[in-house]
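>>> Test case, fold it:
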Amino acid sequence: MLGGSHTASITGVGNTKYSKKADRSAGLLAIDAVVSAAKDAGIDPQEIDGLIPYPGHIGDDVLQAELDLKPRFRTTVDMGGCSAVSALRIASHAVASGAARHVLLFRGLKGSSGLRKADRPSFLPGQPFRRHLEHVHGLNTPAQRYALLCQRYKHEYGLDRRTLGEIALAARAHANLNPDAQMYGRDLTMDEYLAGRLISDPYTLFDCCLETDGASAVIVSKRNEARDIRILSVAEAQGVSPDDISNREPFLDIGLTQAASDVWNELGVGPDDIDAAMIYDCFTFEVLHQLEEAGFAGHGQGAALIADGGIRLGGKLPVNTHGGMLSEGHQAGLNHVIEAVRQLRSECGPRQVADARLIAVSGWGQLGDGSFAVLGGQNV
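Model prediction:
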């Protein structure tokens, strides 16, 4: 019997196809995803009475006006890529307390054809540090910051580029089993990966997540019916240095380090009990990094887990079976939650993980904030 206190379930999920250039506005994309999620949950969209949008993008006012929603509960979770997983906990508390019956988490993004990352306002902590010590030396993109962490790991433990390449190739292979994926139908070989243009050493083009047009939606309810997926445990934490990514000690410590430990302790299970993992893959190394910090491999041992198809379908721990942000699409992590739900319902066709019972989902936000959840089907 698992520990924890199950109080809420994910009852509906929905998404648009993910693309480089959508012909509709982000608001219309979001409406499509929400209507799809409500249908999946078996409710009318107007029954949604709780809203958690993603900061800096389509707000809940658009949905309220177009879908005639009358929310009793509204909030935001402003933790960057942590927000999707952390919002599962907030939504669970909301429905358990009676503040709302059906809480909607949603994204509506035009991250490719709209404002690009460099043109959007930065919400990173430590802005004076960023402006006065980093930007003046040309250090101003996510790839540059994350590359520093990867380089430090490479110095401490060694890291073959083909290990990062296998992470990218596994994501692409999974995306090619997913018709909604932005990179569906576009194969990637190791030679192509190794020849990718340099972005920030050691990261090349295929080490970096996509910029995507699309929308996704998840509904959390206090319900426990046959298709509902249980939110078994969620935790969040910050790293030892929340305003810097590469100068913390221990340097690998991130919020996920503590958050995953909290989840394992609450549930009384561990990494060996997990059937698949949806890992926030802003960059290839961050998959390896988070696998280690969550306990799926020891420090310096993530490469062994990844080798020989270990994170592919049929491997020891299938990772990002939808293609992740590297190959399905960038939805700030909410598409990872959607994939976990569909896997636990056995709805994924050729990319289905056999007999999936427990799936972990991670979030990475800001400069090391971490969130971690374990979801379970009705067979738990």
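
>>> residue nearest the centroid of this protein?
Gly333 (2.6 Å; C-alpha atoms, centre = their mean).

>>> Now for it: which residues touch it?
Neighbouring residues of Gly333 by C-beta atoms under 8 Å, 6 or more residues apart in numbering: 81-85, 280, 325, 361, 363-364. Where C-beta positions appear, they are placed from N, C-alpha and C, glycine not excepted.

>>> Name the residues that touch the helix or strand of the chain with the lowest mean pLDDT?
Lowest by mean pLDDT, DSSP states H and E among the helices and strands of the chain is helix 127-129, with a mean of 72. For helix 127-129, contacts defined as C-beta under 8 Å, 6+ apart pick out 243-244.

>>> Stretch 239-248 now?
125-126, 129, 145-146, 148-149, 152, 249-250, 253-255, 257, 366-370.

>>> tell me the mean pLDDT for that stretch?
Averaged across stretch 239-248, pLDDT comes to 79.

>>> in the stretch 1-150 of the chain, which spans are helices?
26-41, 60-67, 83-97, 127-129, 142-157 (DSSP state H, counting those that start in this stretch).

>>> could those go into CSV alongside mean neighbour count and distance to Ala181?
Formatted as CSV, the helices of the stretch 1-150 of the chain follow (neighbours: other C-beta atoms under 10 Å; distance: least, C-beta to C-beta, whole Å):
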stretch, mean neighbour count, distance to Ala181
helix 26-41, 22, 15
helix 60-67, 17, 25
helix 83-97, 24, 18
helix 127-129, 11, 35
helix 142-157, 18, 22
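
>>> among these, which gets the worst mean confidence?
helix 127-129 (a mean of 72).

>>> Do you have the strands of the stretch 251-380 of the chain handy? List them.
With strands called from DSSP state E, counting those that start in this stretch, the stretch 251-380 of the chain shows them at 276-278, 358-365, 369-376.

>>> Residues in contact with the first one: which ones?
To tie it back to what came earlier, the one meant is strand 276-278. By C-beta under 8 Å, 6+ apart, strand 276-278 touches 291, 294, 296, 317-322, 324, 336-337, 339-340, 343, 353, 356, 359-362.

>>> Quick one: residues contacting Ser216.
Counted by C-beta under 8 Å, 6+ apart, Ser216 has contacts 13-16, 33, 106-107, 331, 334-335, 338.

>>> Was I right to think Thr163 contacts Asp308?
No - applying C-beta atoms under 8 Å as the test, Thr163 and Asp308 come out as separate, 11.3 Å apart.

>>> residues near Gly309, how many?
Counted by other C-beta atoms under 10 Å, the residues lying close to Gly309 total 15.

>>> In contact with it: list those residues for me.
Neighbours of Gly309 in contact, by C-beta under 8 Å, 6+ apart: 170, 315.

>>> ok, now how distant is it from Ala170?
Here Gly309 is placed at a distance of 8 Å from Ala170 (C-beta to C-beta, to the nearest Å).
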